[in-house]
Each structure stands twice: as structure tokens, then as C-alpha cells.
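# Here is my input, please return the structure:
(chains A and B)
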Amino acid sequence: MFKGFTEGGLHEQTVLFFTRMKKRDVRPDIFTFPFVIKSCAMIPSFILGVEIHCFAVKTGLDANAFFGTSLIEMYASLGDVRLGYKVFEEMPERNLVVWTAIIRSYLSIGDTGTARHLFDQLEERDLILWNTMISGYIEHGDMASAQKLFEEMPAYDIMSWNTLLLAYASKDIEACERFFEQIPERNVFSWNGMIGAYARHGQFSDILKTFRRMLASSDVKPSDATLVSVLSSCSKLGALNWGRWIHVYAENNGFKGNIYVGNGLIDMYAKCGCIQTAIQVFDSMEKRDAVTWNSMISSLAMHGMGLEALKLFEEMLEDGEKPDGIAFVGALTACAHLGLVDRAFGCFRSMIQTYSIAPWIEHYGCMVDLLCRAGLLEEAMRLVRKMPMEADDVIWSNLLAGSRDLKDINSAEMVMSKLVKIVPEDVGNYALMSNVYGDVGRWEDFRRLQKMVRRTNGSKTPGCSLVEVNMEVVEFCSSDARHVRSKDIYQILEGLMDNSRFVASQLSDSCQSSL
DNA sequence: CTAGGGTTAG
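Take a look at the predicted model:
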């Protein structure tokens, strides 16, 4: 029964059954405690844990190494490493597993010194212990010690390599690539580690390249983690055909019903423009979690389907899923795009009062956006002054756009003075500001700002976009001339421009005649 | 039937 409950994550049941067992005077044995102790850690309940610890002492079963390891782990996860150390100190027989548990406890609170001190006392160490110690250094940013210890290791396994790979992944992408090539044996974690490293560094095209290499290598198959990372880069690249390919691959390789993959597919389809397919994936999922709901809600809001987004938000509550901060970002975005000011404030209030979520700057951003779009610039400014945190460039940019809509030069100039301090390199704001002047006919200022736009454009890559051609992602920018056939491309572009100018003039003619 | 190591999404 305990094994079944533990595997099903039903930790309250484990403890409940343990109490029933005690009431009936059925004596627990050495196999009982590790389950129950783990459940106390998972619930989590310190009081229950201590109670069961005491009970085990009374029954005299506390000298067991399995029991001791479980206890040390439990106390560490409940935040009391000292108590775990007391257990460790008083244990009559301590094997390597017990030592690893106590060392891991100290690593988990960042006390690498004590962990290392214990590590050094051991005469015999195995691979797990070495790897644990090294990954502890890495988790707390001590690359130098990690590397040094790695070099002292008597032998390596794949996990050792992967541990160091992950260390490089967060720091130096080129060192990470070199290390990846040197690994004598790679498993799915190695590949996922390399893919994750590219993701952290925004090198999304390299993710597709690596994924192709992984598929070509016959010994390793992608896992759900691989597919999720690759799907996320498809979203960022607009690589719809790769996304579709992964969808088919997932269906045929046992990832049907995998919640991580499903969530990745929703986001990918929505960001690649296929909102209907995203909805289909959402509807077909038999299990949903917070990310599923949030992805779908944000996707709908992003596609201008605000009413549908709000309906889904309600459905999420009815389904018993507790909304988190991201769910509220989705709902508030939907309100902003629909112009539902009162509804947004109701939402904002219920977030704080009913769900005890302290608003993030993103939530204030949504509210400012909402008020600006509704033409309520004064209220938006008041909200920014009232916020508990400093406004960021996103919020000021919203206010700049709001000032432009109302042709409020004074507000625009005040907001702009903030923006040049925070993000002097952001071309968009100068362009927006120049339009503010243009709108009211202040051409002197208009030209002055336009000049700044051009000057900043010289050093920055403007208007960059991506297109997928024959399963290959190609980047192009405004005034880009890098392509071998760029002459042909611009010729066709001119043709398209002529065409749309013609259509536009026809439309305006027909509008005028109908008036 | 019980104890120690890694990756993923909004």
C-alpha cells in the first residue's frame, strides 16, 4: 500500500495508513519507515516527520542505514540540516549513501565548505559522491572548485561529463560546445544539455542544427525534454514546419498525452500563427496543468480573441486550477485589448484579495497599457506613481504611446526624458517621439528626432525577421542586401508595393463614392 | 517491499 501511494504521489494517504496501522498495533519493520518519512518530506510536514522519527526510535528501528538516509533527506528538504547532522552523527553504521545524503544536505543550503570537509574525510568515494560534490559547487557558482575537483576524479561516467557540460552551459557557450565534442559517450541528457545551452544564449538556429544531428545519431533518441526545448525554439524562429514535424514525431513515438509536449505544441502553433491548431491541441489534451491553461489563455489574447481568453480563464477556475501570476497576465492582456477597464480592475483586485498574489511589474504594465488604450492617461500616470516598484522601459513606452494618442506633448516629453535615461539605445522610442511632434506639426523637432533614429540605426540591426524556407530558417532585416539574389527580391518587393498602393487607392475611391 | 546523482514548457 505504501509503495502504491508513494508512486502515485498520495503522501497524505501514506501517513493516514501509517496511523491506522499504529492504532491496530501492527508493528512496522525496516521497510516501512523510508516510505513514511519520504511522505512527510513531500507533504511537507515537519511535525509529522519528527513524530515518526520519535516513533522509530521507540521501536528501535532507527539504526538502519536506509532509515537514516531518508531522515537526513527529509530534514534537509524541510529546512533543518543541523537536525539531519545530528541523525548522521549518532548513526552506528554509516555507509557511502548516508555520507552522500549529509553532504548533499550541506550543498543544498550552499555550505560547500562543510560539504567538502565531510567529503575529504572519506577514504573511499564512488562516482555518485564525486558527481554530487561537483554539481554542488556548480549550483553555487564555484566553477573553479568544480573544475579542479573534476580533474582529480579517478574515473568518469556519463553523468560526470554531463555535470560539467551544464556548468559550461550557463557561462561560456563556446567552451560548452568544445566540451560537448570531447565527451566520449553521449546520452540524451548530454544532447539536451547542449540544446538547453543554446536556448539560454538565444541561439535558436543552433538548436535546430543540434536536433538534426541528434536524430542522425542512431544511439540516442529525443526525450520529451528535447522536444519541448526544440518546440520552444520553433516558436521563437517561426519555424512552423519544424514544429509540425515534431508534432508528427511526438504522436508516433509515444509522446501522445505528454503534458510537457502538449504545452509546447500549443505555444508553438500559436506563436507561428496557427491559433486554430493550437486550440485543437488544447482540446485534445486529456490532462491539463497550469501551464496548459496559461499558454492557451495568452495565445488567445495574443491573437485578438480576448473574449475567448476570458471565457477560458473562467473555465480554468471552474476546473479547479488555481490561477497564478501568469494566468492573470493573460487575463489582464485580454481585458486591455478589449477595452474592458472595469473588468480588468475587478480581475486585478481578485488577484490580490482572493488569490493573495502580490502584483508584479508585468501586471502593472497590463493595467497601464489598458488605461492608455482607453485614453485614460491621467489614471495611468497615477497608477505608475502608486506602484510599489520603479517603472521600467516597457511601462514608459506604453505611456509614450498613450501620450501620442492624446497629442499630449507635455506628458510625452516627460515620459521621453525617463526613457532616454533607461534605454538610450532603443530606436523605437525616438521614432515614436518624432511622430508625436509630427502629429502636431512641430517639424523642427520631428527632424531632430528622425536624425537620432538614423544615427542609432547605424550601430543596431533594425527590423529583423525570420522565415522558414525548405526546413531552413533564414534571417532578414530592413535594407538587408546579404542574400545572393537580393536584387531579384527587391524587384519583387517593389512590384508588391505598387500592387498594394493600387489596391489602396481603389479602396479609398470606392469609400469616397459610397460616402 | 526501503536510502544517494542530471535535462524540459507558459
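# The residue nearest to A:Lys236 when sequence neighbours are not counted: neighbour count?
What sits nearest to A:Lys236 in space, not counting adjacent residues and going by C-beta to C-beta, 6 or more residues apart in numbering, is A:Phe204, at 5.0 Å. The way it works is simple: take the backbone N, C-alpha and C, and place the C-beta from them, glycine included. By other C-beta atoms under 10 Å, the residues close to A:Phe204 number 20.
# wait, doesn't A:Phe204 sit right on A:Phe211?
No - counting by C-beta atoms under 8 Å, A:Phe204 does not reach A:Phe211; the two are 10.8 Å apart.
# near DNA strand B, which residues of the stretch 1-150 of chain A?
Applying C-beta under 7 Å from any atom of the strand, one finds that the stretch 1-150 of chain A approaches DNA strand B through A:3, A:29-31, A:33-35, A:38, A:64-67, A:69-70, A:73, A:95-101, A:104, A:126-129, A:131-132, A:135.
# Let me know the pLDDT of A:Gln15.
One correction, residue A:15 is Val, not Gln. With respect to pLDDT, A:Val15 has a value of 94.
# can you point me to the longest helix in chain A?
If you go by DSSP state H, chain A has its longest helix at helix A:486-514.
# Roughly how far does the closest residue in space to A:Arg27 that isn't next to it in sequence sit from A:Val36?
Distance criterion C-beta to C-beta, 6+ apart; nearest residue to A:Arg27, sequence neighbours excluded, is A:Thr59 at 7.0 Å. From A:Thr59 across to A:Val36, the span is 12 Å (C-beta to C-beta, to the nearest Å).
# what's the answer for A:Asn398, then?
According to C-beta to C-beta, A:Asn398 stands 54 Å off from A:Val36.
# For chain A, which segments are assigned as strands?
Listed in chain order, the strands of chain A (DSSP state E) span A:465-469, A:472-476.
# which one of these is the most hemmed in?
Most buried of the strands of chain A by mean neighbour count (mean count of other C-beta atoms under 10 Å) is strand A:472-476; its value is a mean of 15.
# For it, name the packing helices and strands.
In terms of contacts (3 or more C-beta pairs under 8 Å, 6 or more residues apart in numbering; DSSP states H and E), strand A:472-476 is packed against helix A:204-216, strand A:465-469.
# Using CSV, lay out these together with distance to DNA strand B and mean pLDDT.
Formatted as CSV, the helices and strands packed on strand A:472-476 follow (distance: least, C-beta to the nearest atom of the strand, whole Å; pLDDT from 0 to 100):
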stretch, distance to DNA strand B, mean pLDDT
helix A:204-216, 11, 93
strand A:465-469, 16, 81
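# The stretch 151-300 of chain A against DNA strand B: which residues are in contact?
Within the stretch 151-300 of chain A, the residues that sit near DNA strand B (C-beta under 7 Å from any atom of the strand) are A:157-160, A:162-163, A:166, A:187-190, A:192-193, A:196, A:199, A:223-226, A:228-229, A:232, A:235, A:259-260, A:263-264, A:267, A:289-291, A:294-295, A:298.
# Below-threshold pLDDT in the stretch 351-500 of chain A: ranges please.
Within the stretch 351-500 of chain A, the ranges that satisfy pLDDT under 70 run A:456-463.
# which residues touch the residue of the stretch 301-450 of chain A found nearest DNA strand B?
Nearest to DNA strand B, among the residues of the stretch 301-450 of chain A, is A:Ile326, at 3.9 Å (C-beta to the nearest atom of the strand). Contact partners of A:Ile326, counting by C-beta atoms under 8 Å, 6 or more residues apart in numbering, are A:290, A:294, A:298.
# circling back: now the strands of chain A as a markdown table including distance to A:Arg447?
A markdown table is the format used below for the strands of chain A (distance: least, C-beta to C-beta, whole Å):
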| stretch | distance to A:Arg447 |
| --- | --- |
| strand A:465-469 | 28 |
| strand A:472-476 | 29 |
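# Of the ones you listed, which is nearest A:Ser284?
Nearest of the strands of chain A to A:Ser284, taken as C-beta to C-beta: strand A:465-469 at 24.6 Å.
# and the gap between the closest residue to A:Tyr364 other than its chain neighbours and A:Val329?
Sequence neighbours aside, A:Met387 is the residue nearest to A:Tyr364 in space, at 5.1 Å (criterion: C-beta to C-beta, 6+ apart). Per C-beta to C-beta, A:Met387 is found 16 Å from A:Val329.
# One more: A:Ala358?
Per C-beta to C-beta, A:Ala358 is found 14 Å from A:Val329.
# Which one's more surrounded, the two?
More crowded of A:Ala358 and A:Val329, by other C-beta under 10 Å: A:Val329, with 20 against 9.
# Contact partners for that one?
Taking C-beta under 8 Å, 6+ apart as the criterion, A:Val329 is in contact with A:298, A:360, A:362-363, A:366.
# Filter these down to just the buried residues.
Among the contacts of A:Val329, those that count as buried by neighbour count (16 or more other C-beta atoms under 10 Å) are A:298, A:362-363, A:366.
# could you dump those to TSV with distance to A:Leu317?
Output for the buried ones among the contacts of A:Val329, formatted as TSV (distance: C-beta to C-beta, whole Å):
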residue	distance to A:Leu317
A:Ser298	16
A:Glu362	20
A:His363	18
A:Cys366	19
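# what sits against A:Ala401?
Counting by C-beta under 8 Å, 6+ apart, A:Ala401 touches A:372, A:432.
# re earlier: I figured the residue nearest to A:Arg27 hits A:Val26, correct?
No - judged on C-beta under 8 Å, A:Thr59 makes no contact with A:Val26 at a distance of 11.7 Å.
# do you know which of the helices and strands packed on strand A:472-476 lies nearest A:Arg178?
Nearest to A:Arg178, of all the helices and strands packed on strand A:472-476, is helix A:204-216, at 14.1 Å by C-beta to C-beta.
# can you state the direction angle for the closest one and strand A:465-469?
Helix A:204-216 and strand A:465-469 are oriented at 30 degrees to each other (axes from the mean of the first three to the mean of the last three C-alpha atoms, to 10 degrees).
# Point out the other helices and strands that helix A:204-216 packs with.
helix A:188-200, helix A:224-237, strand A:472-476.
# out of the contacts of A:Ile326, which one sits closest to DNA strand B?
Ranked by distance to DNA strand B (C-beta to the nearest atom of the strand), the contacts of A:Ile326 are led by A:Asn294 at 3.3 Å.
# So what's the predicted local confidence for the closest one?
At A:Asn294, the model reports a pLDDT of 96.
# same question, A:His303
93.
# Please work out how many residues are found near it.
18.
# List only buried entries from the residues of the stretch 1-150 of chain A next to DNA strand B.
Buried residues within those, defined by neighbour count using 16+ other C-beta under 10 Å: A:33-35, A:38, A:64-67, A:69-70, A:73, A:98-101, A:104, A:129, A:131-132, A:135.
# And for the closest residue to A:Tyr75 other than its chain neighbours, the neighbour number?
Distances taken as C-beta to C-beta, 6+ apart put A:Gly84 closest to A:Tyr75, at 3.9 Å, once the chain neighbours are dropped. Counted by other C-beta under 10 Å, the residues lying close to A:Gly84 total 24.
# Same question for the one 4 residues further on.
A count of neighbours around A:Phe88, defined by other C-beta under 10 Å, yields 22.
# just the one 4 residues further on next, same as before
Residues lying near A:Pro92 (other C-beta under 10 Å) number 9.
# and what of A:Leu307?
Counted with other C-beta under 10 Å, residues neighbouring A:Leu307 total 14.
# pLDDT score assigned to it?
pLDDT, read off for A:Leu307, is 95.
# what's in contact with stretch A:390-397?
Contacts of stretch A:390-397 with the rest of the structure, by C-beta under 8 Å, 6+ apart, involve A:361, A:364-365, A:368, A:384, A:415, A:418-419, A:422-423, A:426, A:428-429, A:432.
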